[in-house]
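S.K.: missing the sequence, but the structure's below:
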């Protein structure tokens, strides 16, 4: 390379072996070869996943030592979101002071550095000026001033870069600035909140023009005040006809907070990454079965200004990681079923699609199953987390699954569930649900939800529920929506842990005891949904990308397609009988009444005594008549 004029540092890349079948598929796709001696050693260990991982660590550490001794400036680790092996390798390289771990396959990249720019006071000055005026003078006839006002401003710059089959298809940059005003009329015990929205939003000047910002806030505050008074009077009138419910305050009193968080650095163009994305997306052309696909890089830089009449003043970046790398690919089975995989980043996507294309459609099934950490996280998020959101405990239209269950066992006694927005990372992976102050100006706090199977608490905003009069920093909302108690980083921990090998052995034993011909392994549940209200069945659903039938006699795994996981929350959760020792992170976004918010789950593998699979809604169409142009032979 030097002889050809390349003078920049050349950094070798190492991908630790963590799974034999995975590395075999990977080498087949890229044309690399596994040394014969190493391949023979791995085949002897393939039934013991933990020993495979340890062997991969030892092999990679030896390679790193040799590279460093020969003058390599550092090592670039490809982790595929399994950073524990890379961490173990680094521990074995204590003498190599110049080793660094650039975790290229991380789910997402976080940025928390403070910029050199000063705190932009003009925006806060304008907000405080109009807040002071409205809080003291805004009243009409016999109606007094509001008891609470909050102003929020979100200044967001969004950058996106996408490539498809070797060409850039999108390179977009946008900036916006919006204001959101909330007004409460009445008092903390009884105010104007109800079915109607109490917040109003509109775009404001991108420039720090105090006059224009004040003008926009004036109009929004006037709208919000009039609606608040109207809602308060309607609420008072309902007392004449409605049955009195339990007496709960409408809004909690919280200690005013003044906080200045890390200010996001000024974003730079994503164009520097264009060639990299083009090359990565061009690799999809090597796979005849891939009909469509793209790789996208998203960057989001947000500045959130928050001010309320109680004295809270917060400047922060808001929740969510700043960068995401996202891959999507599509194929079709011979019967016309549309197949797709979507990953935040993965070198396995094309291989997975090829395997799915050749797989058979599964029949509906009930029986024992192993869920990977991603699927376990989705299960707890949908079946437990949403049902522990505070507002659902006082809304009569909700099923209120766990109301009145405080101090009682609701899930198996070896499981503990917490939600902790103060955790910025799990190991080396940035968590998407991290934030320092929630969307109501309350400091983020760790919430113990379930301890040893016993219900201990809920996800609380400033709307009190029975037994809980204060927020625990979980009031969350998409900008421009009213906040409610929501999840952030949901941790599932277990005191009944076994190895992956033991977990599979337990699955086979369950199959024999239940007289099932096979069990199930579920991987990569990419989406889920649940219904928590009354009047319909309390249920949840998850859509996995990969479902394997596990032969009860031999343990052989066969990939199938065309099914999704369904069930009732309490029954399914309480049929978990053991978990694995390792946990993994799923960074995602969750939609609910208060909009879409960034979240994470950190969960282990788990064995469920019984789970139900149903057929997915069929999405079939005739495949393209001609082959893709790249595969058309020239005349």
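M.R.: Sure, I can see it. Since this is a predicted model, take the numbers as computed values, not measurements.
S.K.: tell me which element residue 28 falls in.
M.R.: helix 20-30 (DSSP states H and E).
S.K.: buried residues in that helix?
M.R.: Across helix 20-30, burial judged by 16 or more other CB atoms under 10 Å covers 20, 22, 23, 24, 25, 26, 29. C-beta coordinates here come from the backbone N, C-alpha and C atoms, glycine included.
S.K.: in CSV: these, plus pLDDT and distance to residue 183.
M.R.: Formatted as CSV, the buried residues of helix 20-30 follow (pLDDT from 0 to 100; distance: CB to CB, whole Å):
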residue, pLDDT, distance to residue 183
20, 80, 62
22, 76, 56
23, 77, 59
24, 78, 62
25, 73, 58
26, 72, 57
29, 67, 58
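S.K.: and of those residues, the nearest to residue 259?
M.R.: Nearest to residue 259 among these: residue 22, at 44.0 Å, using CB to CB.
S.K.: and stretch 432-451, average pLDDT?
M.R.: Taken as a whole, stretch 432-451 carries a mean pLDDT of 95.
S.K.: equivalent analysis for stretch 215-226, please.
M.R.: Mean pLDDT, stretch 215-226: 95.
S.K.: so what touches that stretch?
M.R.: With CB atoms under 8 Å, 6 or more residues apart in numbering as the test, stretch 215-226 has contacts from 126-127, 130-131, 134, 138, 140, 146, 149, 151, 179-183, 185, 198-202, 204-205.
S.K.: and these, which of them are in strands?
M.R.: Taking DSSP state E as the definition of strands, the contacts of stretch 215-226 contribute 149, 151, 179, 180, 181, 182, 183, 199, 200, 201, 202.
S.K.: and the first one, what's its pLDDT?
M.R.: Right, residue 149. The model reports residue 149 with a pLDDT of 97.
S.K.: so what's the closest residue to it other than its chain neighbours up against?
M.R.: Leaving aside its chain neighbours, residue 149 sits nearest to residue 309 (4.5 Å; criterion: CB to CB, 6 or more residues apart in numbering). Counting by CB under 8 Å, 6+ apart, residue 309 touches 131, 135, 146, 148, 149, 150.
S.K.: repeat that for 7 Å
M.R.: For residue 309, the contact set (CB atoms under 7 Å, 6 or more residues apart in numbering) comprises 131, 135, 148, 149.
S.K.: neighbour-wise, which of the residues you listed leads?
M.R.: residue 149 (25 neighbours; other CB atoms under 10 Å).
S.K.: show me the contacts for that residue.
M.R.: By CB under 7 Å, 6+ apart, the residues touching residue 149 are 131, 134, 135, 183, 221, 308, 309.
S.K.: show only the entries of those residues found in helices.
M.R.: Applying DSSP state H to those, the entries found in helices are 131, 134, 135, 221.
S.K.: residue 153 is in contact with the first one, correct?
M.R.: No. With contacts defined as CB atoms under 7 Å, residue 131 does not count as touching residue 153, sitting 11.9 Å away.
S.K.: follow-up on the earlier one: identify the farthest-apart pair in the contacts of residue 309.
M.R.: The most widely separated members of the contacts of residue 309, counting by CB to CB, are 131 and 148 (11.0 Å).
S.K.: pull out the buried residues from stretch 406-421.
M.R.: For stretch 406-421, using 16+ other CB under 10 Å, the buried residues are 406, 410, 411, 412, 414, 415, 416, 417, 418, 419, 420, 421.
S.K.: now the residues you listed as TSV including secondary structure, distance to residue 90 and pLDDT?
M.R.: Converted to TSV, those look like this (DSSP: H, G, I helix; E, B strand; the rest coil; distance: CB to CB, whole Å; pLDDT from 0 to 100):
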residue	secondary structure	distance to residue 90	pLDDT
406	coil	44	92
410	coil	41	94
411	coil	36	95
412	coil	36	96
414	coil	32	97
415	strand	32	97
416	strand	30	97
417	strand	31	97
418	strand	28	97
419	strand	30	97
420	coil	26	97
421	coil	28	96
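S.K.: on that earlier part again, tell me the spacing between the residue nearest to residue 149 and residue 151.
M.R.: Plainly put, residue 309 is 9 Å away from residue 151 if you go by CB to CB, to the nearest Å.
S.K.: common neighbours of these two, please.
M.R.: Residues touching both residue 309 and residue 151 (CB under 7 Å, 6+ apart) are residue 131.
S.K.: strand partners (parallel or antiparallel) of the longest strand anywhere in the chain?
M.R.: Longest strand in the chain, counting residues (DSSP E): strand 595-615. Partners of strand 595-615 in the sheet, by DSSP bridges, are strand 365-371 (antiparallel), strand 489-494 (parallel), strand 563-567 (antiparallel), strand 576-592 (antiparallel).
S.K.: what number of residues lie near the residue nearest to residue 369 when sequence neighbours are not counted?
M.R.: Nearest non-adjacent residue to residue 369, counting by CB to CB, 6+ apart: residue 520, 3.8 Å away. The tally of other residues near residue 520 (other CB under 10 Å) stands at 27.
S.K.: likewise the one 4 residues further on?
M.R.: Residues lying near residue 524 (other CB under 10 Å) number 20.
S.K.: per-residue pLDDT, it?
M.R.: Per-residue confidence (pLDDT) for residue 524: 85.
S.K.: same thing with residue 124?
M.R.: Confidence score, pLDDT, at residue 124: 91.
S.K.: could you dump the ones in helices among the contacts of residue 149 into CSV with distance to residue 426 added?
M.R.: Below are the ones in helices among the contacts of residue 149 laid out as CSV (distance: CB to CB, whole Å):
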residue, distance to residue 426
131, 38
134, 43
135, 42
221, 41
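S.K.: alright, that wraps it up for me.
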